[in-house]
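S.K.: Any chance you can model this:
(2 chains)
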Amino acid sequence: MRGRGAKIAGVLPLFMLFIAGTISAFEDIERLRIWPLPAQVSHGGRRMYLSGDFKLVTEGTKYGDTSGILKEGFDRMLSIVRLSHVISGDWNSSGSGGSALLQGLHVIISSSTDELEYGADESYKLVVPSPEKPSYAQLEAKSVYGALHGLQTFSQLCHFNLKKKVIEILMTPWNITDQPRFSYRGLLIDTSRHYLPLPVIKNVIDSMTYAKLNVLHWHIVDTQSFPLEIPSYPKLWNGAYSSSQRYTFEDAAEIVNYAQRRGIHVLAEIDVPGHALSWGKGYPALWPSKNCQEPLDVSNDFTFKVIDGILSDFSKIFKFKFVHLGGDEVNTTCWSATPRIAQWLKKHRMSEGEAYQYFVLRAQKIALSHGYEIINWEETFINFGSKLNSKTVVHNWLNTGLVENVTASGLRCIVSNQENWYLDHIDAPWQGFYANEPLKNITDKKQQSLVLGGEVCMWGEHIDASDIEQTIWPRAAAAAERLWTPYAKLAKNPNKVTTRLAHFRCLLNRRGVAAAPLVGGGRVVPLEPGSCLAQ
Amino acid sequence: MSTNLLRLILLFITLSITSSLSTPSPADSPPYLWPLPAEFSFGNETLSVDPTVTLIVAGNGGGSLIIRAAFDRYMGIIFKHASGRGSLLSRIRFLKMVEYDITSLKIVVHSDSEELQLGVDESYTLMVSKKNEQSIVGAATIEANTVYGALRGLETFSQLCAFDYITKSVQIYKAPWYIQDKPRFGYRGLLIDTSRHYLPIDVIKQIIESMSFAKLNVLHWHIVDEQSFPLETPTYPNLWKGAYSRWERYTVEDASEIVRFAKMRGINVMAEVDVPGHAESWGTGYPDLWPSLSCREPLDVTKNFTFDVISGILADMRKIFPFELFHLGGDEVNTDCWKNTTHVKEWLQGRNFTTKDAYKYFVLRAQQIAISKNWTPVNWEETFSSFGKDLDPRTVIQNWLVSDICQKAVAKGFRCIFSNQGYWYLDHLDVPWEEVYNTEPLNGIEDPSLQKLVIGGEVCMWGETADTSVVLQTIWPRAAAAAERMWSTREAVSKGNITLTALPRLHYFRCLLNNRGVPAAPVDNFYARRPPLGPGSCYAQ
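M.R.: Numbering: from 1, shown residues only, chains lettered A, B, ... in the order given. Below is the predicted model:
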């Protein structure tokens, strides 16, 4: 970081005028303690209190909420606001009560559907009145999922008043107009290297909502274990670590449902053909041979039948428009080393590299036949980008210049460059997560629009139920602001947002999320006694 | 009993031989109970448990809300998979399309008293059997003298229940079960420290909940220390100005809520104010409590105001903490500030006190305040080593420093809590689980009447380097090792090779904690709270 800082210092004079002009506004924003920062905020200086029976009102809305998504979201919001202290204040006797009392939140949603569609409008407008115009705060949104974001922002405006022992909102009136900069704001979890129990995944999903992330990329299966039940091929989960480190089909559906009710898509991944050794525990025919077990046997039609079965089962529960087919780190030596496959390659006049391409493209076709668009890791683009289906989204992780090349070729892209956005790099500091700009060096508007967003990756080699939360947080939050907040509002120097991020980290702690300290770089433990806000 | 135990140990030996080849499968092994019950026997049947299992209560205490709430909690834990309680599948089954072996859980509680004090009867019996000649419905039955015994029985019952991924139902293996259980020690504690790092209410609740899984029963709340004073004390409202920030505070109502939450789980909360040594933060709100602005610890022994404040704090706390024990600290008192501050020095001279006399004077006066509020004082061992014969005879000595202090304390007729720092300080990251497990509170104490004076032990989670982000994985799984030492019979935890008798069960219990959302760290790492070394099964790390 020191070296990089020196570089920035060289260009600093260019920015000086700009910074000087906006510094007071910027510092004011930093005092707001909202994470991620909304697109537009204005506020006053008055204080309001939340009524003891703070209500949800929906008059005039077009959204029927038959599924209860809004009501549940509202109740969750209230319970997290009330989580950090017992609310024991007396409402009627509070002197300033009366006119400064907020009776509830009036939510107006203009779309009647609760389909969670990718790219749909996530905007919202939140108004908290001042004591002169009391009674209800107002939240307007196109969709219920935009309203859920608004509820998150509202929860961050609420604080506990230690004297009155009630919830208060300072600096009213508030006018907040907000929408995300990118439509894909992801977090990867990996349940193959270590099994993550259901409550742990649900906790991760809940914590994502606090930072307005909206895609849980579920890297379900890999070399080490196959934890998910696949009804079409019921022996696949024989590849689980043990009989109990498994997800039933219903469990997976429950995770999708749980996430969807919080406005979060679940992107399922099977990483073929390279990261799939565990498949063969149940079906050894998928291995090239008993002693050469990866990648999947490209020569065997059964391999593609199994992929078809898996994706057919997936399509019943994973309703996101994308499925991730992996395609990274394919070491094809097992193919040549296995006589049967070597012969097949010869017969079809394929090199190992061509067989890799054949495999990926055939898997893509299967996914398309089940109605999915495809995401593949970047190696597929590097090796045979021009052959990829035009509905492919290329998922970056390795090369820094990749996003430019992908978008120049007309394909869409998701940014996860490992040096900044791999959470398993435990010495990577939060500042690097914050500063990582997905549109770096991409000036063409059309190309920019092909960058769907980004994703932080929590690979599981050294991550299990015991350390996942503190490895994800607070660093994922730094990336979440990069993906949500308008570019012009992002701090050029990440250290300018330290205080606000520290507040968000403490907020996560209060909500029971084991977010780690900021001080020390990467994932750290506190070095000494001290305030949460200062560590 | 010993035959059962022998059977189990033999079984574990067989199991660990086979389990080196494969990970444990609940179907071919007995459920791994932790801590091990005092007496138990089991059979060879597999019973299915109805997701809509009903609660039947009996006895004078059966109607307790504590039982009802615990039943609901445990149903959530046992049926957490998607096809569980409340799902469509279970509702179809409720319409008798599927028959279950266990359709009801009967809880019999003899006493209607919900008083939770040291030594409360936590014994229970648990029977699980299929419908047969004796009973027309298949049932599990928990019988206990108190609601708190019934809670321990429910925990054991939940550990017998395993989700079977083939039938997608909850099964109890190796039935019929007959378990008769009670703790070896009445005091099985865990210390948390909210002064070095503030722990949010929700995190304290997570800790309490996790304690109940290991049948620990005292949360020792080291509330205040030199770094911060997070608790509201209405009588002296400036004290919590010593908090780290306005966010890092507990109101009186918050503290009461913690006590209530703990009681619902059969856990007492023992509050501590550590005087006179660990109290610098008091002076942020009341600088008069410092000997001087430049020399701030220990509390000023010369002023009545100091004792007025202690009395005020204790009066406020008495309304919050009903447990009969109250901890007054008294450790690590460096009296240099008393020697170096003119007015304190003069006061010492006036009374012809050495600084050690003043230390004794302070501790004894604080003890009298606690006793006047109907509390039994607990003090750290330095008070005993320095002036043991002057301590109030009701004092409970808490060990931490010297390994044989409990031997000495009980020999003088004091009660003692064992917390040897070499083994039971959880902030010592270089103590692996075996050392925690093998530490025996009664070591060197042979006389049964003296053994009785050791009321139990406590693992201490000092907070210097443990905040919300790492506190639970620093506590678990090692606290569980101590928990079994304190709950199970001495015979059960002292015999045999613990790699065979305890380790597989501890692996299992750690994964059980993970499955319940508790971030317990891997068992096998030498250093505590380290991440797993590589990919692998929870049961093998």
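
S.K.: Show me which strand runs longest in chain B.
M.R.: strand B:45-58 (DSSP state E).

S.K.: name the helices or strands packed onto the helix or strand following that one?
M.R.: Scanning forward in sequence from strand B:45-58 by DSSP states H and E, the next helix or strand is helix B:65-78. Contact partners of helix B:65-78 among helices and strands, from 3 or more C-beta pairs under 8 Å, 6 or more residues apart in numbering or on different chains; DSSP states H and E: strand B:45-58, strand B:102-109, helix B:147-160. Yep, even glycine has a C-beta here, placed from its N, CA and C like the rest.

S.K.: Buried deepest among those, which one?
M.R.: Among those, the stretch with the highest mean neighbour count (mean count of other C-beta atoms under 10 Å in any protein chain shown) is helix B:147-160, at a mean of 25.

S.K.: on that earlier part again, strand B:102-109 and the longest strand of chain B, what's the angle between them?
M.R.: Strand B:45-58 and strand B:102-109 meet at an angle of 40 degrees, taking axes from the mean of the first three to the mean of the last three C-alpha atoms, to 10 degrees as the criterion.

S.K.: In its sheet, which strands sit next to strand B:45-58, and in what direction?
M.R.: Looking at strand B:45-58 with DSSP bridges, its partner strands are strand B:102-109 (parallel), strand B:169-175 (antiparallel).

S.K.: Please name whichever of these is nearest to A:Phe249.
M.R.: Minimum separation from A:Phe249 across those (C-beta to C-beta) falls at strand B:169-175, 14.9 Å.

S.K.: for that closest one, what is the average pLDDT?
M.R.: Averaging pLDDT along strand B:169-175 yields 93.

S.K.: Give me the next element, helix or strand, following it.
M.R.: Downstream of strand B:169-175 (by DSSP H and E), the next one is strand B:177-181.

S.K.: Quick check: what element follows the strand or helix carrying A:His106 along the chain?
M.R.: A:His106 is part of strand A:101-109 when elements are defined by DSSP H and E. The helix or strand immediately downstream of strand A:101-109 is strand A:124-128, counting by DSSP H and E.

S.K.: Next, the buried residues of the very next helix or strand once past that next one.
M.R.: Reading on from strand A:124-128 to the C-terminus, the next helix or strand found by DSSP H and E is strand A:135-141. Under the neighbour-count criterion of 16 or more other C-beta atoms under 10 Å in any protein chain shown, strand A:135-141 has A:136-137, A:139-141 buried.

S.K.: what do you get for stretch B:369-389?
M.R.: Buried, per 16+ other C-beta under 10 Å, within stretch B:369-389: B:369-370, B:375-384, B:387-388.

S.K.: ok, back up a step: I'd like to know which of the buried residues of strand A:135-141 is nearest to chain B.
M.R.: A:Ala137 (22.8 Å; C-beta to the nearest C-beta).

S.K.: Distance check, the closest one against A:Gln103.
M.R.: 9 Å (C-beta to C-beta, to the nearest Å).

S.K.: same deal with B:Ile455?
M.R.: Shown here: B:Ile455 relative to A:Gln103, a distance of 53 Å by C-beta to C-beta.

S.K.: Look at the two and report which has more neighbours.
M.R.: Comparing B:Ile455 with A:Gln103 by other C-beta atoms under 10 Å in any protein chain shown, the one with more neighbours is B:Ile455, at 23 against 15.

S.K.: what bridges to B:Glu458?
M.R.: Beta-bridge partners of B:Glu458, as defined by DSSP bridges: B:Gly189.

S.K.: which residues touch it?
M.R.: B:187-191, B:218, B:220, B:398, B:417-419, B:424 (C-beta atoms under 8 Å, 6 or more residues apart in numbering or on different chains).

S.K.: let's see it at 7 Å
M.R.: B:189-191, B:218, B:220, B:417, B:419, B:424 (C-beta atoms under 7 Å, 6 or more residues apart in numbering or on different chains).

S.K.: These in helices, which ones?
M.R.: Among the contacts of B:Glu458, the residues falling in helices (DSSP state H) are B:Trp424.

S.K.: closest to chain A among the contacts of B:Glu458?
M.R.: For the contacts of B:Glu458, the minimum distance to chain A (C-beta to the nearest C-beta) is 15.4 Å, reached by B:Leu191.

S.K.: Which residues outside the longest strand of chain B are in contact with it?
M.R.: B:63, B:67, B:71, B:79, B:84-85, B:90, B:93-94, B:100-108, B:128, B:130, B:138, B:161, B:169-173, B:175-176.

S.K.: contacting residues around residue 127?
M.R.: All of this refers to chain A. A:Val127 neighbours (C-beta under 7 Å, 6+ apart): A:137-138, A:174-175.

S.K.: ah, I was thinking of chain B
M.R.: When contacts are counted by C-beta under 7 Å, 6+ apart, B:Met127 touches B:140-141, B:177-178.

S.K.: try it again with 6 Å
M.R.: B:141, B:178 (C-beta atoms under 6 Å, 6 or more residues apart in numbering or on different chains).

S.K.: Quick check: it vs B:Ile142, distance?
M.R.: 8 Å.

S.K.: Next: A:Ile341.
M.R.: From A:Ile341 across to B:Ile142, the span is 60 Å (C-beta to C-beta).

S.K.: Pick out whichever of those two has more residues nearby.
M.R.: Counted by other C-beta under 10 Å, A:Ile341 and B:Ile142 do not tie: B:Ile142 has more neighbours, with 25 against 22.

S.K.: So the more buried one belongs to a strand, correct?
M.R.: Yes. When the secondary structure is assigned by DSSP: H, G, I helix; E, B strand; the rest coil, B:Ile142 falls within a strand.

S.K.: does it really touch B:Leu126, like I thought?
M.R.: Yes. Counting by C-beta atoms under 6 Å, B:Ile142 does reach B:Leu126; the two are 5.3 Å apart.

S.K.: which neighbours do the two share?
M.R.: With C-beta under 6 Å, 6+ apart, B:Ile142 and B:Leu126 have common neighbours B:Gly153.

S.K.: Switch the buried residues of stretch B:369-389 over to TSV, and while doing so, append secondary structure and pLDDT to every line.
M.R.: TSV is the format used below for the buried residues of stretch B:369-389 (DSSP: H, G, I helix; E, B strand; the rest coil; pLDDT from 0 to 100):
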residue	secondary structure	pLDDT
B:Ile369	helix	98
B:Ala370	helix	98
B:Trp375	coil	98
B:Thr376	strand	98
B:Pro377	strand	98
B:Val378	strand	98
B:Asn379	strand	98
B:Trp380	strand	98
B:Glu381	helix	97
B:Glu382	helix	97
B:Thr383	helix	98
B:Phe384	helix	98
B:Phe387	helix	97
B:Gly388	helix	96
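
S.K.: So which of those residues is the closest to chain A?
M.R.: Nearest to chain A among the buried residues of stretch B:369-389, with distances taken as C-beta to the nearest C-beta, is B:Trp380, at 18.9 Å.

S.K.: if we can go back for a sec, which of the buried residues of stretch B:369-389 come close to chain A?
M.R.: Of the residues in the buried residues of stretch B:369-389, proximity to chain A by C-beta under 6 Å from any C-beta of the partner chain holds for none.

S.K.: out of these, which one sits closest to A:Val256?
M.R.: Nearest to A:Val256 among the buried residues of stretch B:369-389: B:Val378, at 51.2 Å, using C-beta to C-beta.

S.K.: Just give me the neighbour total for A:Thr499.
M.R.: Based on other C-beta under 10 Å, the number of other residues close to A:Thr499 is 15.

S.K.: Ignoring the adjacent residues along the chain, who's closest to it?
M.R.: A:Glu30 (6.4 Å; C-beta to C-beta, 6 or more residues apart in numbering or on different chains).

S.K.: In which helix or strand does that neighbour reside?
M.R.: Assigned by DSSP H and E, A:Glu30 falls in helix A:2-31.

S.K.: Which is the succeeding secondary structure element to that helix?
M.R.: Toward the C-terminal end, the helix or strand that comes next after helix A:2-31 (DSSP H and E) is strand A:40-57.

S.K.: How much space separates the residue positioned nearest the centre of chain A from A:Met458?
M.R.: Centrality entry for chain A: nearest residue to the mean C-alpha point is A:Gly186, 2.8 Å, by C-alpha atoms, centre = their mean. Going from A:Gly186 to A:Met458 by C-beta to C-beta gives 11 Å.
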